[in-house]
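J.: turn this into a model:
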Amino acid sequence: MRREIVPSGRSPLAPARLRRAHRRTFSSCPERDGLLGCTNVSARPAALRALLVLVYAALIGGLLLLDIDPEQGRAWLRASGGWGLLAFVAAFALLQPVGAASHLFIVSAALVWDPGVALVASWVGALAAGSVAFGFARTVGRDWVQRRLPPKLAGWDARLAKNGFRTVVLMRLLLFTFGPMQLLFGVSRVRYGSFLAASALGLLPMIAVETLLGSTAVTWLWGS
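T.: Modelled structure (predicted):
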């Protein structure tokens, strides 16, 4: 039987250890998704994350400081056509993740546009708001959270990578656009594609109901 000669000072198990270390090195980014590429953010410079926070805060502050009369805003949105719709979606996407009620946007859209246009505008705005919250959490906080997950939560997080679609649909039906939920999905291992598709399905029923009934209820209350 031929025996392998191991050089002095080297362990016969060294190649196995090296292979495991090599796999750990290249598995630090085990997933890729369509929104942010590699889900490991440790390689991203801290300065980039700080810049994203500052830019986002500046945009939010500018929108909040605008003193817009509701009737004037409604008239402007109607007269602006596609630009008005784009402004509505942008405001929905930027303000809802920081606490503005999505119901306010949906009912407002129903008061401004016809039901079909209002439904599509609110649906796109809610998806954009969810994407903003998801992307922000994944870029800024995912790496920090993943390093500190307890074992039980780590197992649940791993299952999200496989069954994220069903979980997101269920949570959207139950909690709609609840802000902390969107951030939690951002720091989890659920893929962005699953998050977006499941959100599109789970958000639609509530948005449709509010669009069709919300404007009628508000008009009735104001008329009374």
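J.: which stretches in this structure count as helices?
T.: 14-26, 46-65, 70-80, 82-95, 102-112, 115-140, 142-147, 151-175, 179-187, 192-223 (DSSP state H).
J.: average model confidence for the second one?
T.: Which is helix 46-65. The pLDDT scores in helix 46-65 average 63.
J.: and the nearest residue to residue 175 once chain neighbours are set aside, how many neighbours?
T.: The shortest distance from residue 175 to any non-neighbouring residue, by Cβ to Cβ, 6 or more residues apart in numbering, is to residue 181 (5.1 Å). Just so you know, the C-beta spots here come from the backbone N, C-alpha and C atoms, and that holds for glycine as well. When neighbours are counted by other Cβ atoms under 10 Å, residue 181 registers 17.
J.: where's residue 181 relative to residue 84, distance?
T.: 30 Å (Cβ to Cβ, to the nearest Å).
J.: picking up where we left off before, which of the helices of the chain has the lowest mean pLDDT?
T.: Among these, helix 14-26 has the lowest mean pLDDT, at a mean of 49.
J.: ok, now which ones touch residue 201?
T.: 169, 172 (Cβ atoms under 8 Å, 6 or more residues apart in numbering).
J.: tell me the phi and psi of residue 101?
T.: Torsion angles at residue 101 (phi, psi; degrees, to the nearest 10) stand at phi -70, psi 130.
J.: that one: how many residues sit nearby?
T.: 11.
J.: mind listing what it touches?
T.: Applying Cβ under 8 Å, 6+ apart, no residues qualify as near residue 101.
J.: what score does it have for pLDDT?
T.: Here, the pLDDT recorded for residue 101 equals 91.
J.: and residue 37, by the same measure?
T.: pLDDT, residue 37: 48.
J.: please apply the same query to the one 4 residues further on.
T.: Residue 41 carries a pLDDT score of 42 in this model.
J.: surely residue 125 and residue 89 touch.
T.: Yes: here residue 125 reaches residue 89: they are 4.5 Å apart, a contact under Cβ atoms under 8 Å.
J.: ok, the two, which is more surrounded?
T.: Neighbour tally, residue 125 and residue 89, criterion other Cβ under 10 Å: the higher count belongs to residue 125, 26 against 22.
J.: how about that one, what does it touch?
T.: Counting by Cβ under 8 Å, 6+ apart, residue 125 has contacts 88-89, 91-93, 96, 105, 109.
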